[in-house]
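> Sequence first, predicted model second:
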Amino acid sequence: MQKPNKRLQGQTCIVTGSSSGIGQAVVKAMAMEGANVVVNYYSDKENAEETAHWINDNTICGEAIVIGCDVSKEEEVKKMFATTVNHFGTVNVCVANSGIQKDYPLHEMPLDAWQRVIDVNLTGQFLCAREAIKEFLKRGLKEEISTSLGNIIHISSVHEVIPWAGHANYAASKGGLVMLMQSICQEYAPYKVRCNSIAPGAIKTDINKDVWSTREGMQNILKLIPYNRIGETEDIGSVACWLASDESEYINGTTIFVDGGMTCYPGFTANG
């Protein structure tokens, strides 16, 4: 985890899907930068509470509260933002991280598997961004806290640009996220709202443990990564903190790929 320098002091950050994995690393990193944070969960309340305890027991961190929410449900997202504003006063940063996979060959994919992935991975990010922007506009700019009115960070994937056979619903949701993020930037940058995406490559989390936990699986993953190591969740946390801070103020409407070079298509090293 990066050495904290309080870049987010006085700010409040919601990180969806932060009871484990990438979201957990992001919410811890932001808390260590001085932010008050919302640890959001869908089903894993116990792990969310453990994450919040870790933050609240660490004297260099901001305060953490736990809020359960299915980001695909409009009323639940509205309630999460209202609870956050009631407790902390406002929201400065929204990290829309929640995402799922339901993998099938396309010709065997049931409609509910397609719909659920789109609902969480794309509609959920729209709902969170919408509520964040409402709060930013309502609050107004406070330059003593940040030079930006507010900050939205979408957690995307390298599969916003790399096709993924057998995962068409997931890849489509991440491809759609590019246009959502850029359209938000185009519309709200004049208000000093910043909206960007982080696109992780192969990151060591429980969701892909069956691959990286074996020697053969790890070797196969590393063939796709020129930097020759799998990513850690803290790699995403570090980038998210920087992207939420005023150090990156002039970055808006773009995706930062955190992938060890995966999007350089290493299979073409020797003419393909």
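That came through fine.
> what sits against the residue nearest to I162 when sequence neighbours are not counted?
Spatially, and ignoring its direct neighbours in sequence, I162 is nearest to T263 (6.6 Å; CB to CB, 6 or more residues apart in numbering). Yep, even glycine has a C-beta here, placed from its N, CA and C like the rest. Counting by CB atoms under 8 Å, 6 or more residues apart in numbering, T263 makes contact with 158, 161-162, 199, 201, 257.
> Just those: which are in strands?
Cross-referencing the contacts of T263 against strands under DSSP state E gives 199, 257.
> now for the contacts of T263, which pair is the farthest apart?
Farthest-apart pair in the contacts of T263 is V161 and G201; separation 11.2 Å (CB to CB).
> Between the two, which is the more surrounded one?
Neighbour totals were compared for V161 and G201, and G201 leads with 22 against 15 (other CB atoms under 10 Å).
> any idea how far I256 is from the more buried one?
Note on G201: its distance to I256, by CB to CB, to the nearest Å, is 12 Å.
> mind checking pLDDT for G272?
According to the prediction, G272 has pLDDT 61.
> Ignoring the adjacent residues along the chain, who's closest to C94?
Going by CB to CB, 6+ apart, C94 has A132 as its nearest residue, at 3.9 Å.
> Count the neighbours of that neighbour for me.
A132, neighbours per other CB under 10 Å, totals 25.
> Roughly how far does it sit from V91?
A132 is 6 Å from V91, by CB to CB.
> who touches both of these two?
14, 81, 150.
> Make a markdown table out of those residues and add neighbour count.
Listed next are those as a markdown table, based on neighbours: other CB atoms under 10 Å:
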| residue | neighbour count |
| --- | --- |
| I14 | 30 |
| F81 | 23 |
| G150 | 25 |
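> Now do the contacts for the residue nearest to C94.
Here A132 is in contact with 14, 81, 91, 94, 150, 152 (CB under 8 Å, 6+ apart).
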